[in-house]
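Chemist: requesting a structural model of the entry that follows:
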Amino acid sequence: MKKNLFALLLLVGVVLTSCTKDTPTVTDPRDKFVGTWNGTSNYYEAGALISTDPTTYTITKDANISSKILINVGGVTVQATVNGSSYTISNVTLSDGSYSYLINGTGTINGNFIVENGTEQETDLATGDIVNYTYTTSLSK
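Modeler: Numbers count the residues shown, from 1 in each chain. The predicted structure follows:
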């Protein structure tokens, strides 16, 4: 009888300890974007390709806003909002003293590849002339 009671208690103990709930792993959706990405950017004016340039993006997480990443391109950093496997650059204005640039774009990640499509409005600050460009950037890690 003691052997049966011991076996029953042992069985109950095994069942109870093996039924613990696993703690779900929470991942930051920005993690997949973080790193150094290399590729090319194609710029178009009125639908015609005008330039193809080598491009390097260094992407980090914004330490202050949990949905944002920081994209550094050639020493210039822009902020983007991450939503799942995409990010959006909305109405970012940059200036180099001679021109101002209004940038909007959307990037999508697929494994180790990012494709970003967007628009860039360039304004000559001396004359007020405006030129509109579209661009496509293809990057890999």
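Chemist: measure Ala46 to Leu125 for me?
Modeler: 22 Å (Cβ to Cβ, to the nearest Å). C-betas here are computed from N, CA, C, even on glycine.
Chemist: tell me what the longest strand along the chain is packed against?
Modeler: In the chain, with assignment by DSSP state E, the single longest strand is strand 48-61. When contacts are defined as 3 or more Cβ pairs under 8 Å, 6 or more residues apart in numbering; DSSP states H and E, strand 48-61 sits against strand 35-45, strand 68-73, strand 130-140.
Chemist: the same query, at a cut-off of 6 Å, please.
Modeler: strand 35-45, strand 68-73 (3 or more Cβ pairs under 6 Å, 6 or more residues apart in numbering; DSSP states H and E).
Chemist: for the longest one, which outside residues touch it?
Modeler: So that's strand 35-45. Contacts to strand 35-45, defined as Cβ atoms under 6 Å, 6 or more residues apart in numbering, come from residues 49-58, 114, 133-141.
Chemist: can you flag the buried ones in those residues?
Modeler: Thr55, Tyr57, Ile114, Tyr133, Tyr135, Thr136, Thr137, Ser138, Leu139, Lys141 (16 or more other Cβ atoms under 10 Å).
Chemist: need the contact list for the most centrally placed residue in the chain.
Modeler: Against the mean C-alpha coordinate of the chain, by Cα atoms, centre = their mean, the closest residue is Phe33 at 4.2 Å. Phe33 makes contacts with Ile59, Ile69, as judged by Cβ under 6 Å, 6+ apart.
Chemist: how much space between it and Val131?
Modeler: Note on Phe33: its distance to Val131, by Cβ to Cβ, is 30 Å.
Chemist: repeat for Ala63
Modeler: From Ala63 to Val131 the distance is 35 Å (Cβ to Cβ).
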